[in-house]
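>>> okay, predicted coordinates and the sequence, questions at the end:
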There are 2 protein chains.
Amino acid sequence: MPKNREAARANLESLYRIFTVPESPDSTLGSIDQAISSDVAGFLQTHIVAIERSLDEIEAHFASAAIPEEPTYVSEYTEFVKAHLVAQSVHTAAPGFVGHMTSALPYFMHPLARLMTALNQNLVKVETSKAFTPMERQVLAMLHHLVYRFDDDFYPPWIHNSMYALGAFCSGGTIANVTALWVARNRLFAPDGTFGGIAQEGLGRALQHRGVNGIAVFVSERGHYSLGKAADLLGIGRDNLIKVQTDARNRIDLKLLRAECRRLQDRNIMPLALVGIAGTTETGNVDPLEALADFAQELGCHFHVDAAWGGPTLFSDRYRSLLSGIGRADSVTVDAHKQLYVPMGAGMVVFKDPTALSAIEHHANYILRHGSKDLGSHTLEGSRPGMAMLVHAGLSIIGRKGYELLIDMGIERSRTFADMIKKHPDFELTSEPELNILTYRYCPHAVQQALATATAEQRSSINELLDQVCQLMQKHQREAGKTFVSRTRLRVDRYSEELTVLRVVLANPLTTDEILGAVLAEECEIVQLPEIQALLRQVEERCALMGVPDN
Amino acid sequence: MPKNREAARANLESLYRIFTVPESPDSTLGSIDQAISSDVAGFLQTHIVAIERSLDEIEAHFASAAIPEEPTYVSEYTEFVKAHLVAQSVHTAAPGFVGHMTSALPYFMHPLARLMTALNQNLVKVETSKAFTPMERQVLAMLHHLVYRFDDDFYPPWIHNSMYALGAFCSGGTIANVTALWVARNRLFAPDGTFGGIAQEGLGRALQHRGVNGIAVFVSERGHYSLGKAADLLGIGRDNLIKVQTDARNRIDLKLLRAECRRLQDRNIMPLALVGIAGTTETGNVDPLEALADFAQELGCHFHVDAAWGGPTLFSDRYRSLLSGIGRADSVTVDAHKQLYVPMGAGMVVFKDPTALSAIEHHANYILRHGSKDLGSHTLEGSRPGMAMLVHAGLSIIGRKGYELLIDMGIERSRTFADMIKKHPDFELTSEPELNILTYRYCPHAVQQALATATAEQRSSINELLDQVCQLMQKHQREAGKTFVSRTRLRVDRYSEELTVLRVVLANPLTTDEILGAVLAEECEIVQLPEIQALLRQVEERCALMGVPDN
């Protein structure tokens, strides 16, 4: 056999091997696999390096744009992954990682996620998903039921109806919010006489047909940034996403909303949708949904609720009423990868009217044929994995009562943490927890007193320095890698100005009060860093100039 | 302790358990997990039921819209999954499943996907992804390099530049195509003098500003249905997605394209983008990309190439030239969950101009701050899983040469299969494979001869029956569960009409020529079913009426 044919044959054989022969259990990949199976948390704790390396340093290992010519041994690659990817990733499941919305996963999600990968179903069509299609339809119906509480006899005609879908399973809340506003837009500009509808004729013709200059979406200034993307994407324009100021509790100001609406209508810009928030990303507050529903009804426009975060509060008998009015929404977004404790990549939107999604229905010749039950005819995305299985697993295994417990614990732990902050002389709570998110900042007791009597100008000059303190604290805490809080900028009513604040999200059931105590204690230590002390001395000086004692 | 407090405590403890204590290896879930680890294909083969149950029957197990009140044992749920989900799913990895674009995965993807789930990173921001961010940036650069072949010194200033992104990692090709056209639209209507740009002011004002009645996208009639969704979503309107007829080889007809363009320009509708296809979904053909690039240049519009399927052909020294001209595209879509053999949920779009994605850039206060390297500031989606890691693994472990082998094998196997079809008297090839997709249909030899001399009317009446034969064959073959081909409707040049045809996609390296022989053999058996024989007798009758011998 000539040499190059021999080489080609060897290549071919090793290629078949990677498609057929699994790794032996004592290989590197096999042992990582086993370690994760037997103790995920332990594996992560052992392998994720606590002390932060700089991004520049990490980037050096991901610097080349050239695709490797030659194959690599799986074991060699696995060593690389362990050293440069696992070691330098974020331990999002750590109980002290309370800064973002990614928390621990129930252990059963890991093997089930593996099963999902192994089955590699594609939910766009029944031909590549089979039982996964009815399963996803059931999950959407369950969420619909959670939100709208329709009678049991409402569902049978719709749940598996090939013509309709009660909602859309998405890669996340952004696509869910986009889908909701897309449906709202297409229903506002539905086919009408000679006008073929916006889906066919486009937005330019749609505006002409209705004789309006534009369409607008209204949300509070706490609205998620995905709404800005949606306004851009859908041709509405970011200028027509009206971000209404909030009250002292981070809820949309209804008077200002009315005024904004009038202002736009005077310019012949038509209200497309009101968006209520059930769990603002930064502060976890809930808009007055009943009042928003009333106003949407008055305007005759779509009412969407972004409950990406707060939706699962509906599991709780005690706290469900915080979301009162959500059942009047035309559409509701809920993220499963947040408080349903499903791995990253699972959002949903449900529609009160089970025919609503027809506004974005589409077909093709090779799939999504008319009358097929293919879910892809009512989703923005095409090919999609079977993530709904993990939602189904969560709902079945944890059950309504289990989720209730998780929700209740989170809300109550937030109140406890808020009390700890309030009791501490040198911290200041900047937003009260309504659900399980709160914000606060470091502000020495004496400075708090000084600010209470300061002029607006004096306040600004002091807050500016405290913003820098806050930013540095967060950075050092993240880099030390023991605990993690996030930061944001927020208009705080008390000072009528935007401040940099620390943000805490309490959804990990393994987070204890002791860990929260340690978060504050670590922050007090960080404040001792010379860099931060220098800033605090400047704060003291500015307070002294005001004639207020610095301690 | 009172009874209800005791119960609450027990609940809480079992809740902690599911977040902490993994399943024992000899539990149901543990043993499924182990079985998948040691032999994925074997597990699937054993547990996926070959004979199809009706969807109605399956739906009965997913009928309730009520979320279970009480928690369920993991083991009990796992039994349910095994019986009703795994058993009734589609064995997409089977070598005889050659009907769609979902194929077998290299075994190493399974443990690595598990690792990805365990790490549960969120790629929207560095704070929840760390090393995954540079890794994803590298993957995008590698794809960019594969497509555009810029010099090595092009990449260092861009690859990890916080201000820019060379592309966007997406949940799939649909979002990738939407992103490409979104960028094109926003660049066409960039800020200009007092006009703040379409992102700010919306599509209505944008059209006014340019003084045009609309914008249009041009693609061949083989274009993927995601482009229709994009036209709807972006406010362009489906009427302005111009589907140009193809030539005999399923490639866009350039003369007709020119004519369509003129027709729209006469109506003051501006060309937004030309879309070339590198691997049409239904037939795997490649548009004349060089000529399209020339024409886009002439029009001064965006040139997008949808290489969701065919992109990886660029790995092959032998077949790369089939995509000649792709490097002149402004943007290119490639799906990793297709010919990069990554699990479902991974698409990418790259842009030739590394500043292009600035047209859809966005920020927020708590993440995606200006100057951060957060990838989320340049993606349509928000929170996203670390799927890029599996692309990184594929590129590293399989290497350019490994992918080349896979591509070459697929193309060559398609030619072999095409020959088998051509040699068989009763099958008719309805599209020649250019890459690794072909279509064909059952058409008895005598009928083929009759059709050759038939009038248009006679042809139609016969083809109508053959369409029914095709549809039934595909249904029975799918239901029998041994092998699987898909079907579509396609205008076949030879007959100047649309026919129902069988479609085969050859990307699974485990598919052998023997299996392809078995596919045809099975189809010949299916044809013997009384239902199909009855149709074929009608065909014979119609042929006889034409005075052509029926055998």
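Noted; the coordinates are in hand. Numbers count the residues shown, from 1 in each chain, chains lettered A, B, ... in the order given.
>>> going forward, measure contacts and count neighbours with C-alpha atoms only.
OK.
>>> pretty sure A:S414 is touching A:T439, no?
No: A:S414 is beyond contact range of A:T439, at 10.3 Å (criterion: C-alpha atoms under 8 Å).
>>> neighbours around A:E531, how many?
12 (other C-alpha atoms under 10 Å in any protein chain shown).
>>> just checking, what packs against the helix or strand harbouring it?
Remark: A:E531 resides in helix A:530-545, with elements defined by DSSP states H and E. In terms of contacts (3 or more C-alpha pairs under 8 Å, 6 or more residues apart in numbering or on different chains; DSSP states H and E), helix A:530-545 is packed against helix A:445-453, helix A:456-480.
>>> now those in JSON lines, with distance to chain B?
Putting these into JSON lines (distance: least, C-alpha to the nearest C-alpha, whole Å) gives the following:
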{"stretch": "helix A:445-453", "distance to chain B": "24"}
{"stretch": "helix A:456-480", "distance to chain B": "8"}
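>>> for chain B, see how far away A:P343 is.
Separation of A:P343 from chain B (C-alpha to the nearest C-alpha, to the nearest Å) stands at 6 Å.
>>> who wins for proximity to B:R318 among the helices and strands packed on helix A:530-545?
Comparing these against B:R318 with C-alpha to C-alpha, the closest turns out to be helix A:456-480 (49.1 Å).
>>> show me what the closest one is packed up against.
strand A:437-442, strand A:486-492, strand A:497-505, helix A:513-526, helix A:530-545.
>>> for those, give me JSON lines that also has mean pLDDT.
As requested, the helices and strands packed on helix A:456-480 are exported to JSON lines (pLDDT from 0 to 100):
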{"stretch": "strand A:437-442", "mean pLDDT": "98"}
{"stretch": "strand A:486-492", "mean pLDDT": "94"}
{"stretch": "strand A:497-505", "mean pLDDT": "97"}
{"stretch": "helix A:513-526", "mean pLDDT": "97"}
{"stretch": "helix A:530-545", "mean pLDDT": "96"}
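>>> which of the ones you listed sits closest to B:G402?
Nearest of these to B:G402, taken as C-alpha to C-alpha: strand A:486-492 at 42.9 Å.
>>> counting by contacts, list what the closest one packs against.
Going by 3+ C-alpha pairs under 8 Å, 6+ apart, strand A:486-492 lies up against helix A:456-480, strand A:497-505.
>>> now the first one: buried residues?
It stands for helix A:456-480. Residues of helix A:456-480 classed as buried by neighbour count (16 or more other C-alpha atoms under 10 Å in any protein chain shown): A:458-460, A:462-463, A:465-480.
>>> and what of stretch A:284-301?
For stretch A:284-301, by 16+ other C-alpha under 10 Å, it's A:284-290, A:292-293, A:295-296, A:301.
>>> any chance of those in JSON lines, with pLDDT too?
Shown next, in JSON lines, are the buried residues of stretch A:284-301 (pLDDT from 0 to 100):
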{"residue": "A:G284", "pLDDT": "98"}
{"residue": "A:N285", "pLDDT": "98"}
{"residue": "A:V286", "pLDDT": "98"}
{"residue": "A:D287", "pLDDT": "98"}
{"residue": "A:P288", "pLDDT": "98"}
{"residue": "A:L289", "pLDDT": "98"}
{"residue": "A:E290", "pLDDT": "98"}
{"residue": "A:L292", "pLDDT": "98"}
{"residue": "A:A293", "pLDDT": "98"}
{"residue": "A:F295", "pLDDT": "98"}
{"residue": "A:A296", "pLDDT": "98"}
{"residue": "A:C301", "pLDDT": "98"}
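>>> closest one to chain B out of the residues you listed, please.
A:G284 (13.3 Å; C-alpha to the nearest C-alpha).
>>> that closest one touches A:E434, doesn't it?
Yes: with contact defined as C-alpha under 8 Å, A:G284 reaches A:E434; the gap is 6.4 Å.
>>> show me the shaky parts of the stretch 1-150 of chain A.
A:1-3 (pLDDT under 70).
>>> quick one, helices of it?
A:3-20, A:28-38, A:40-47, A:55-59, A:74-80, A:109-119, A:132-148 (DSSP state H, counting those that start in this stretch).
>>> for those, which one ends up most surrounded?
Neighbour counts (mean count of other C-alpha atoms under 10 Å in any protein chain shown) averaged over each of the helices of the stretch 1-150 of chain A peak at helix A:132-148, with a mean of 25.
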